[in-house]
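Asker: here is the input, now give the coordinates:
(2 chains, ligands or ions: 2)
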Amino acid sequence: MIGEIPTLVFRSAAGAVLIGLLAGLISVFIIRIKLSSMGFCMSHAAFAGAALGVGLSMNPFTMALAFSLATASLIGPASDKAKIHPDLITSIAFPLNMALAFIFLTLTPGVVRFTSEVTSILWGSVLSVGFQDLVYLAVLLAASAVMVVLFWKELFAIMFSRRMAEADGINTKPFIYAILFAIGIIVTFSLKLVGGLLVFALLFNPAATALQFSYDIRKVAMVSPLIGAASCLSGLFLSFALNWPAGACIVLASTLGFALSVALSPKRRIGK
Amino acid sequence: MSAILLKDVSTTYQGEKKPAIHDINLTVETGEFLCVVGPNGAGKTTLLETICGCLKPVKGEVKVLGFNMASDGVKVRRKIGYTPQDFMVKPDEPYKALDVVLMGRFGKIGLLRGVSREDVEKALKVMEMLEIRGLAGKPVGKLSGGQQQKVMIARALAKEPEILLLDEPLSNLDYDSRTKISELLGEICRRQRITTLVVAHNPEHLLQLCQRIIVVSEGKIIADISGGELEREEAVRALIPGLKVGLR
Ligand SMILES: Nc1ncnc2c1ncn2[C@@H]1O[C@H](COP(=O)(O)OP(=O)(O)O)[C@@H](O)[C@H]1O
Ligand SMILES: [Mg+2]
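Answerer: Ligands and ions are numbered 1, 2, ... in the order given. Presented below is the predicted three-dimensional model:
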C-alpha cells in the first residue's frame, strides 16, 4: 500500500505532462491548417470507438484509434476537395458519433454498465494511464518533435496556405495525412486522461491560447506545448485536490488559460 | 523547346457543366513577356492555374519547361513563381513579411535542407528592390493591400523562377508603384530571361513591356497579338475596352 499513491500521482502527472505537450504541439497544426472540424470529428469518433470497445469487451483504445483514423480517411478526401463545407461535416458527424457511442455503451453487459470502464471512457481517468502508456507517449513525443524540426519548412508553408505551398512545389498530401494520423494517436491517448467528450479541448485550446500572444509562428509552436502541459498538470492537481473528474478539471484549467490570454493579449491592446 | 505549351486544353470547375476555358492552344517561348487581358470571368485566372497545375484540366495536355504537368507538376512548380489574384492574409495571422517572401523558396530548397543565409539574403534583396525591405519584420496581415501585393510579388521573384505567372499583380497598387514595379518586372524578366505571363485587367502599365498580348474571352483565346501588330494601336485598342494610355 505504501508507495502506491505517490506512484499513481507520479504516473498520472507524467502522463498529463506528456499528453499536454503532444496535444499542445498538434493543436498548432490543427488551428493553422484549419483542421479543427476534422480534429473535432476524429475526437468524437474515437469516443464512439472506445464505447464500442467497451460494449464488445474489446480493447477500447485500439477501437478508438481505429475509429478516429477511419473517420479521417472517410472525411479527409471529401473535405479535401471542398465538396462539403467542414462546418457541415462537423454538425452532422458530432451527433452521429454521440448516437453511436450511446448505442455501443448499451451493448455493455448489464452488470458492467456504468462501471468504472464506462465512466472512464466518458470522463477520463487518471488510473487508466499506465506505465507502458508513458513509454509510448515519450516515444511519440520525441518522434513528433523530430518530425516537426526536420519538416518545419514544409509545415510552415502549409500552415501559411496549403494552396500556395502546392503552387511552390511542395507535395502537401503526405504532410496532411501524417498530421491526421498523429491526431488520431494523440486523441486516443488523451481519451484515457480526459474522456471522450472533452478530448477536443486539448486539441484546440493550447494553440488558441498561444496565438493570442505572438505573431511569430515559431514561438507559437514552442509555447503551445508548454501551455498544453501546464493546463493538463494544473487540471490534474485541481482534480486531486477537489476530487473532481480529471478531464473536467483539465478542460477548466485550459479554458481559464485561454480566457486569461484573451484578456491579457497584446494583440488586442491599442497604443501602449 | 517551348517554355509553355498547351494543346487543346479545357478546364472545368468541380460541379460545373461548362468548362471555364476550352480548347486552348498556346505556345510561349522561353523569355517571352506576355500580357493576358480580357473581361471579368473570361477565364484568365483559370488559364494561369491550369498552366501551373493548380487546376487539373479535364482535356488536353499542359507542358511546362518540357515536362508534362499531369505527372511532373510538383517538380516543375519549384521553378514557377506564381502570385494568385487577391491573395490576402488576415490581420491576426502569425507570419512575418520576410517569412512569406522566404517561403517562396521552400519548394526549391527541397526536403530536409535548411534555409541558408544565402536564401535569406536573396529574399531581402528582392524586398529591397520592391521597396518593402522595411516591412520585413511586420506581420504580413497588418500590411495594406498594396503592400501585401508587393510581398507576394517578392515571394515569386525570390524563388528565382524560370516561369513567372502573375495574376493581376498590380491591382491594389498606387499609380507610382504600378509604373515602378512594372518597369522592374520588365527589367528582371528580360535580364534573367524569365518567361512571364501577366494577367492584367487594365494593362496600361504593362503594355510597354510586353512583346505579346493574348485576349481571352468566354474561355477562349480570341486574339494573339505580337510583334509588329502590337504597334498597330487601334487593333489592340479595339480588343481592350477601357485602355487609356498609349502603347509604345
Ligand atoms: N471555383 C469556381 N467554381 C466554379 N466556377 C468558377 C470558379 N472560379 C471561376 N469560375 C468560373 O470560371 C469562369 C472564369 O473565371 P476566372 O478564370 O476566374 O476569370 P477571370 O480571371 O478572367 O476574371 C467564370 O465564369 C467563373 O464564374
Ligand atoms: Mg481572375
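
Asker: relative to chain B, which residue of the stretch 1-150 of chain A is the closest?
Answerer: Residue nearest to chain B within the stretch 1-150 of chain A (CB to the nearest CB): residue A:150, separated by 6.2 Å. In this view, the C-beta of every residue, glycine as well, is placed from N, C-alpha and C.

Asker: how about the secondary structure of the residue most central in space within chain B?
Answerer: By CA atoms, centre = their mean, chain B has its centre lying nearest to residue B:166, at 1.5 Å. With DSSP: H, G, I helix; E, B strand; the rest coil as the basis, residue B:166 sits in strand.

Asker: list the contacts for it?
Answerer: B:82, B:83, B:153, B:156, B:185, B:196, B:197, B:198, B:199 (CB atoms under 8 Å, 6 or more residues apart in numbering or on different chains).

Asker: ok, residue B:173 next?
Answerer: Contacts of residue B:173 by CB under 8 Å, 6+ apart are B:146, B:149, B:150, B:181.

Asker: taking the contacts of residue B:166 one by one, which sit in helices?
Answerer: B:153, B:156, B:185 (DSSP state H).

Asker: leaving out sequence neighbours, find the closest residue to the second one.
Answerer: In space, not counting the residues next to it along the chain, residue B:156 is nearest to residue B:81; the distance is 3.2 Å by CB to CB, 6 or more residues apart in numbering or on different chains.

Asker: low-scoring stretches of chain B, by residue?
Answerer: B:228-229, B:231-235, B:240-248 (pLDDT under 70).

Asker: try 80 this time
Answerer: B:201-205, B:207-208, B:227-248 (pLDDT under 80).

Asker: in chain B, which residue sits nearest ligand 2?
Answerer: Proximity to ligand 2, evaluated over chain B using CB to the ion, is greatest for residue B:45 at 3.2 Å.

Asker: so how far is the helix or strand encompassing that residue from its chain's centroid?
Answerer: Applying DSSP states H and E as the criterion places residue B:45 in helix B:44-52. Mean C-alpha position of helix B:44-52 versus that of the full chain (CA atoms, centre = their mean, to the nearest Å) differs by 9 Å.

Asker: and the helix or strand that it is followed by, which residues are buried?
Answerer: For helix B:44-52, the succeeding helix or strand toward the C-terminus, using DSSP H and E, is strand B:59-64. Within strand B:59-64, the residues scored as buried using 16 or more other CB atoms under 10 Å in any protein chain shown are B:60, B:62, B:63, B:64.

Asker: repeat that for stretch A:154-167.
Answerer: Buried-residue list, stretch A:154-167, by 16+ other CB under 10 Å: A:154-162, A:164-167.

Asker: ok, and which of these reach chain B?
Answerer: Filtering the buried residues of stretch A:154-167 for neighbours of chain B using CB under 8 Å from any CB of the partner chain leaves A:154, A:156, A:157, A:160, A:161, A:164, A:165, A:166, A:167.

Asker: restricted to helices, list those.
Answerer: A:154, A:156, A:157, A:160, A:164, A:165, A:166, A:167.

Asker: can you give the contact residues for stretch A:123-134?
Answerer: A:8, A:11-12, A:14-16, A:18, A:116, A:119-120, A:189, A:191-195, A:197-198, A:236, A:239, A:245-248, A:250.

Asker: let's have the contacts of residue B:166 in CSV, adding neighbour count.
Answerer: Formatted as CSV, those follow (neighbours: other CB atoms under 10 Å in any protein chain shown):
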residue, neighbour count
B:82, 29
B:83, 25
B:153, 25
B:156, 26
B:185, 25
B:196, 27
B:197, 27
B:198, 27
B:199, 25
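
Asker: can you tell me which of those residues is nearest chain A?
Answerer: Checking those one by one against chain A (CB to the nearest CB), the nearest turns out to be residue B:82, at 4.7 Å.

Asker: wait, the closest one touches residue A:165, no?
Answerer: No: between residue B:82 and residue A:165 there is no contact under CB atoms under 8 Å: 11.5 Å.

Asker: which parts of the chain are helices?
Answerer: All of this refers to chain A. Using DSSP H, helices in chain A cover A:4-32, A:36-55, A:60-80, A:86-106, A:116-123, A:131-150, A:152-160, A:162-167, A:173-194, A:199-210, A:217-242, A:246-264.

Asker: please go with chain B instead
Answerer: Under DSSP H, chain B gives helices at B:44-52, B:69-77, B:97-103, B:106-109, B:117-129, B:145-158, B:175-191, B:228-231, B:233-239.

Asker: winner for burial among those helices?
Answerer: helix B:97-103 (a mean of 26; mean count of other CB atoms under 10 Å in any protein chain shown).

Asker: for it, packing partners?
Answerer: helix A:152-160, helix B:117-129, helix B:145-158 (3 or more CB pairs under 8 Å, 6 or more residues apart in numbering or on different chains; DSSP states H and E).

Asker: same list, those helices, but as CSV with distance to ligand 2 please.
Answerer: Output for the helices and strands packed on helix B:97-103, formatted as CSV (distance: least, CB to the ion, whole Å):
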stretch, distance to ligand 2
helix A:152-160, 21
helix B:117-129, 24
helix B:145-158, 14
